[in-house]
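pasting the structure only:
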């Protein structure tokens, strides 16, 4: 007997989520997938990974959200126009705090919910995903009027399984399955050269102390050779290093680099980027988190977690 394929929706907000989504779609060959991307920013990286998903989906939707109540109403209309106001057997999502995705789930009460990683927010116990969201009653009335009555805690409780990049680490959902992004064994080789790569972040969003001069001083002390910008970084400092320009996210770029440079060992540095955790197990890759007094106070739980649970070195720079 031939069974009808299940109709599933997978929802993403970042290029990494799109990369994970690609792995999930290939994993569930018995399901037909629609893909929705609500882009945090609109740039070459987002478009690159969206096009890859577009090729393996039945229907795809790329949306750059607008702010405010009217912006959300526009989103609802665009959903209908693009054929996404339908019932799905399964819904997969990472950003469980997204109102855009909560709206979809609220309209699919009988769907099977599956979650996957959004980064370290899934494993750091004081992150947004572990805080019981308290929504003022007047806001709930507005969201209910729009059509949202299924929130972050509801999604966590209803998720049948969580797909994680982090093996044997507790997550927001108890029932987890390890999802391996790539194999590392084929990149084993004897190293004859070492390089230092810094993985950038929009640190100015955290504090205005992280000026171009501040970052440059830290990178100079670390003798950085290459700078890999974050997709949301608007001001890239110019120093004694090469800026890496690529449509690939860092994890994909690193895999390609290791394959093409078999004798190079890489020292990676970043402040609080979860991407370092995703590549920690690769051969010829040494991962280091860097910090200053401000960050160690603000993110003490994070630094303690990566040092104790992942055995990653943390290095002070001022």
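Now that the structure is in, tell me what you want to look at. Predicted model, so just to flag it, every value in this text is computed and none were measured.

chain center to stretch 263-273, what's the gap?
Per C-alpha atoms, centre = their mean, to the nearest Å, the displacement of stretch 263-273 from the mean C-alpha position of its chain is 18 Å.

apart from its neighbours in sequence, what residue is nearest residue 286?
For residue 286, ignoring the flanking residues on the chain, the nearest one in space by C-beta to C-beta, 6 or more residues apart in numbering is residue 267 at 4.9 Å. The C-beta positions use only the backbone N, C-alpha and C, and glycine is treated the same way.

what bridges to the one you found?
In this entry, residue 267 is beta-bridged to residue 196, residue 286, by DSSP bridges.

that one: neighbour count?
In terms of burial, residue 267 registers 18 neighbours under the definition other C-beta atoms under 10 Å.

just residue 54 next, same as before
Applying other C-beta under 10 Å, we find 15 residues neighbouring residue 54.

my guess is it contacts residue 34, does it?
No: in this structure, residue 54 sits apart from residue 34 without contact. The criterion is C-beta atoms under 8 Å, and the distance is 10.8 Å.

overlap in contacts, those two.
residue 60 (C-beta atoms under 8 Å, 6 or more residues apart in numbering).

which secondary structure state does the closest residue to residue 243 other than its chain neighbours sit in?
Across the structure, with C-beta to C-beta, 6+ apart as the measure, the residue nearest residue 243 apart from its sequence neighbours is residue 227 (5.2 Å). Classification of residue 227 using DSSP: H, G, I helix; E, B strand; the rest coil returns strand.

wait, doesn't residue 227 sit right on residue 201?
No: under the criterion of C-beta under 8 Å, residue 227 makes no contact with residue 201, lying 11.3 Å away.

how about the secondary structure of residue 304?
helix.

what number of residues lie near it?
When neighbours are counted by other C-beta under 10 Å, residue 304 registers 13.

and it, how close does it get to residue 289?
Distance of residue 304 to residue 289, computed by C-beta to C-beta, to the nearest Å: 11 Å.
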